[in-house]
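Trainee: Model the following, please.
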Amino acid sequence: MKKILNFAMIFAMAFVLMACPYSSDVALDMPNQKLKKDLIAKWVENGGSENPNFYLISKSKEDKMYTFEQNDYDTNEKKYTQKLHEGYFTTIGNVEFLNLKNKEDGKYYFFKMTRPDEKTFVLFEVTDNITETFKSGAEMKAFFSKNKELSFFYNKSEKTYTKQ
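Mentor: I've put the predicted structure just below:
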């Protein structure tokens, strides 16, 4: 019984500590930046996996937006699963944020994006520890502007992708 209780506690702690990006029903801003044509490609997550996760980024039907096809490898099923998103960038000061709208649930997810070079980008998830809810993008943008330089505004795990 004690082993079961210990396992349950470890499982519960792992579940609590698993990070997800902050989500919202509103976006930071309207799409207003030109498309970066060098982003339209296949981007593979670094990490040495035999079956790495990847994004296929293409131009969306909507002006100034991208389509992100997220491909994650399911080790149990031994196949890739796909999620579709529409995304665009909002620049606040010197920080570029990716607004990624999930086509299934309609929620926006937010990532800080850096580009060390033209063949690499790094995504930092905006922390899901934000308890505030926002009625408008302007409110959220002001909040992001105030907190964007704080390290704890982002989850610890960052993901680096390389252009294929």
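Trainee: Check the secondary structure at Y73 for me.
Mentor: Under DSSP: H, G, I helix; E, B strand; the rest coil, the three-state class of Y73 is strand.
Trainee: Find the residue closest to it in space, skipping its chain neighbours.
Mentor: N51 (4.0 Å; C-beta to C-beta, 6 or more residues apart in numbering). C-betas here are computed from N, CA, C, even on glycine.
Trainee: How many neighbouring residues does the one you found have?
Mentor: Counted with other C-beta atoms under 10 Å, residues neighbouring N51 total 13.
Trainee: how about it, what does it touch?
Mentor: Y73, T75, Y80 (C-beta atoms under 8 Å, 6 or more residues apart in numbering).
Trainee: Most neighbours out of the residues you listed, which is it?
Mentor: Y73 (16 neighbours).
Trainee: which ones are touching that one?
Mentor: So Y73 contacts S49, N51, P52, N53, K79, Y80 (C-beta under 8 Å, 6+ apart).
Trainee: can you put those residues in JSON lines and add distance to I130, pLDDT and secondary structure?
Mentor: Shown next, in JSON lines, are the contacts of Y73 (distance: C-beta to C-beta, whole Å; pLDDT from 0 to 100; DSSP: H, G, I helix; E, B strand; the rest coil):
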{"residue": "S49", "distance to I130": "30", "pLDDT": "90", "secondary structure": "coil"}
{"residue": "N51", "distance to I130": "32", "pLDDT": "96", "secondary structure": "coil"}
{"residue": "P52", "distance to I130": "29", "pLDDT": "97", "secondary structure": "coil"}
{"residue": "N53", "distance to I130": "25", "pLDDT": "97", "secondary structure": "coil"}
{"residue": "K79", "distance to I130": "34", "pLDDT": "97", "secondary structure": "strand"}
{"residue": "Y80", "distance to I130": "30", "pLDDT": "98", "secondary structure": "strand"}
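Trainee: of all those, which comes closest to Y22?
Mentor: Y22 lies nearest to N53 out of the contacts of Y73, by C-beta to C-beta, at 20.2 Å.
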